[in-house]
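# Output the structure for:
(one chain, ligands or ions: 1)
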Amino acid sequence: MNEFNREHFPEAIRELHPRVGLVLGSGLGAFVDGLETVASVPYAEIPGIVVGRVPGHAGRFVFAEIGGTPVVIAQGRAHLYEGWSARKIAAGVRAMAALGVETLILTNAAGIVNPDFRPGQWMQITDHLNLTGQSPLTGSADFVDQSAVYSPGPRKAFAERAAALGLDLAEGVYAWLPGPQYETPAEIRMLRALGADAVGMSTVPEAIQARALGVEVAGFSCLTNYGAGLSDAPLHHEEVVETGRHAAAALSRLLTAWLIG
Ligand code: HPA
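Okay, here's the model as predicted:
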């Protein structure tokens with residue numbers, strides 16, 4: 001079920017055919033700096049796409065070419081804690097699919113649940129836990145397979161590129177909670193017992209929606225902080241954004257290497 005089609009979009013982007021979509025998480029918006037952009041459209045100009053209101057998130061699609069591949073970059077996203085439904089949150093993914101995106105790369109800022117990981121590190125998402133009870137497919141009878149949400153092909157390619165670049169890329173399971181509050185120490189222990197390596201408030205609805213539309217998915221968590229109880233420091237959103245900003249350059253190198261092929 002995709003309510004978007006080309007007629008939906010402003011003229012500036014109606015004829016564009018991005019093959020790869022990229023969603024940027026907290027503090028990662030700077031990825032677009034230094035890219036030669038083809039067009040840029042605020043979400044507000046596309047009926048049906050909701051605008052996130054969190055500091056550190058812009059709200060627009062940026063179109064660019066990276067390594068010869070046309071890409072669309074979603075700078076900022078909406079979240080469950082802002083009051084949107086999971087279906088609404090995933091509208092941007094349906095829009096990107098309508099423009100022809102075949103592979104979607106999702107990024108986020110996440111808290112560390114696996115104590116072997118460290119702040120500033122990137123984790124490629126191998127699988128997820130949806131702990132919100134919400135789905136972007138609610139309202140349909142779309143019994144979509146979830147046995148490989150994060151496609152093995154791109155996953156392997158990214159791991160190889162990271163190794164070649166000397167980037168420290170962990171792998172693990174991302175747990176989606178609604179937020180907006182961070183977790184308690186007991187919740188972090190629970191998440192570890194459930195098999196999570198990282199925790200955050202996004203990405204999963206977009207991944208589910210993409211797979212339902214036949215779009216391949218890769219996901220990356222910027223591990224910005226230890227989950228509650230794994231360190232003595234209290235958690236601040238500013239710290240999350242700041243760590244993301246520093247880590248953005250490494251992701252930029254990885255994505256560019258993957259896009260160049
Ligand atoms: N918990 C949930 N979401 C997050 C965190 C966290 O510790 N850090 C960044 N996003």
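# for the closest residue to residue 37 other than its chain neighbours, what are its contacts?
Once flanking residues are discounted, residue 37 sits nearest to residue 64: 4.8 Å by C-beta to C-beta, 6 or more residues apart in numbering. The C-beta positions use only the backbone N, C-alpha and C, and glycine is treated the same way. Taking C-beta atoms under 8 Å, 6 or more residues apart in numbering, we find residue 64 in contact with 32, 35-38, 70-71, 73.
# Just the buried residues out of the residues you listed, in PyMOL syntax.
Burial among the contacts of residue 64 is assessed by 16 or more other C-beta atoms under 10 Å; the matching PyMOL selection reads:
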select buried, resi 32+35+38+70+71+73
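# Please identify which two of the contacts of residue 64 are farthest apart in space.
For the contacts of residue 64, with distances taken as C-beta to C-beta, the pair at the greatest spread is 32 and 70 (14.4 Å).
# any idea how far the residue nearest to residue 37 lies from the ligand?
Counting by C-beta to the nearest ligand atom, to the nearest Å, the gap from residue 64 to the ligand is 26 Å.
# Quick one: name the residues of the stretch 101-250 of the chain near the ligand.
Residues of the stretch 101-250 of the chain lying near the ligand by C-beta under 6 Å from any ligand atom: 109-111, 182-183, 199-201, 224-225, 227, 235, 240.
# can you pick the most crowded of these?
The most neighbours of any of those, using other C-beta atoms under 10 Å, belong to residue 110, which has 33 neighbours.
# Kindly indicate whether it is helix, strand or coil.
Here residue 110 takes the strand state, with states given by DSSP: H, G, I helix; E, B strand; the rest coil.
# and it, what does it touch?
123, 174, 198-200, 221-224.
# Next, format the residues you listed as JSON lines and append pLDDT and secondary structure.
Shown next, in JSON lines, are those (pLDDT from 0 to 100; DSSP: H, G, I helix; E, B strand; the rest coil):
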{"residue": "123", "pLDDT": "97", "secondary structure": "strand"}
{"residue": "174", "pLDDT": "98", "secondary structure": "strand"}
{"residue": "198", "pLDDT": "98", "secondary structure": "strand"}
{"residue": "199", "pLDDT": "98", "secondary structure": "strand"}
{"residue": "200", "pLDDT": "97", "secondary structure": "strand"}
{"residue": "221", "pLDDT": "96", "secondary structure": "strand"}
{"residue": "222", "pLDDT": "93", "secondary structure": "strand"}
{"residue": "223", "pLDDT": "95", "secondary structure": "strand"}
{"residue": "224", "pLDDT": "91", "secondary structure": "strand"}
